[in-house]
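Q: Using only what follows, build the 3D model:
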Amino acid sequence: MASLNKVMLIGNLTRDPEVRYTPKGNAVTDLGLAINRNYTTDSGEKREETTFVDVVLWGRTAEIAGQYLQKGRPVFIEGRLQLDSWEDKNTGQKRSKLRVVGENMQFLGSPRDGEGGSRPSSREPASEERAPSTASVGDSAPSEPAQEDDIPF
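A: A predicted model of the protein is given here:
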């Protein structure tokens with residue numbers, strides 16, 4: 001039987017990411033993501049509900065998130081669901097938590113979206129530390145400068 005465990009989410013960060021390192025030196029970052037859903041009830045009343053999702057990122061993706069993301073910033077996360085289970089040390093009860101293990105991440109909006117975190121607003125990455133491009137594989141720079149009448153918009 002085939003199976004699929006795939007999650008795609010777009011939301012805003014609920015807190016600044018903090019990168020930690022495992023004893024073996026692997027980077028890990030936990031993100032809180034707020035995902036809004038707008039809908040209209042049968043009586044015509046407009047409502048909004050927010051779902052909060054915990055996301056864990058590993059490796060270079062975790063380091064990039066810690067370097068460039070901040071509270072309020074919109075982000076796209078693609079990953080898989082993981083169920084963590086443990087026994088509570090205080091009560092002895094079995095506990096579990098469903099979270100997303102992020103495998104791909106893409107920044108959305110401008111770097112100033114959601115600003116208001118603890119990082120200075122005037123900080124722009126230096127040219128050698130710019131955020132990774134989100135261009136697709138087929139995108140490439142034209143070999144000749146575009147003429148004004150060649151621009152499709």
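
Q: what about stretch 80-100, start to end distance?
A: Chord length of stretch 80-100, first to last residue, is 5 Å (Cα to Cα, to the nearest Å).

Q: Give me the distance between the spatially most central residue of the chain and residue 94.
A: By Cα atoms, centre = their mean, the chain has its centre lying nearest to residue 75, at 4.0 Å. As defined by Cβ to Cβ, to the nearest Å, residue 75 lies at a distance of 32 Å from residue 94. For every residue, glycine as well, the C-beta is placed using N, CA and C.

Q: for residue 40, same thing?
A: Residue 40 is 40 Å from residue 94, by Cβ to Cβ.

Q: Same check on residue 22?
A: The value you get for residue 22 to residue 94, if Cβ to Cβ is used, is 25 Å.

Q: and residue 96, what is it in contact with?
A: 83-86 (Cβ atoms under 8 Å, 6 or more residues apart in numbering).

Q: any chance of those in JSON lines, plus secondary structure and distance to residue 35?
A: Listed next are the contacts of residue 96 as JSON lines, based on DSSP: H, G, I helix; E, B strand; the rest coil; distance: Cβ to Cβ, whole Å:
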{"residue": "83", "secondary structure": "strand", "distance to residue 35": "19"}
{"residue": "84", "secondary structure": "strand", "distance to residue 35": "20"}
{"residue": "85", "secondary structure": "strand", "distance to residue 35": "24"}
{"residue": "86", "secondary structure": "strand", "distance to residue 35": "26"}
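
Q: pLDDT at residue 87, what is it?
A: Per-residue confidence for residue 87 comes out at a pLDDT of 89.

Q: Same check on residue 48?
A: For residue 48, the model assigns a pLDDT of 94.

Q: any idea how far residue 37 is from it?
A: Distance from residue 48 to residue 37, by Cβ to Cβ: 7 Å.

Q: Please enumerate the helices of the protein.
A: Counting by DSSP state H, the segments of the chain that form helices are 59-68.

Q: Pass me the low-pLDDT residue ranges in it, would you?
A: 111-153 (pLDDT under 70).

Q: With that, I have no additional questions.
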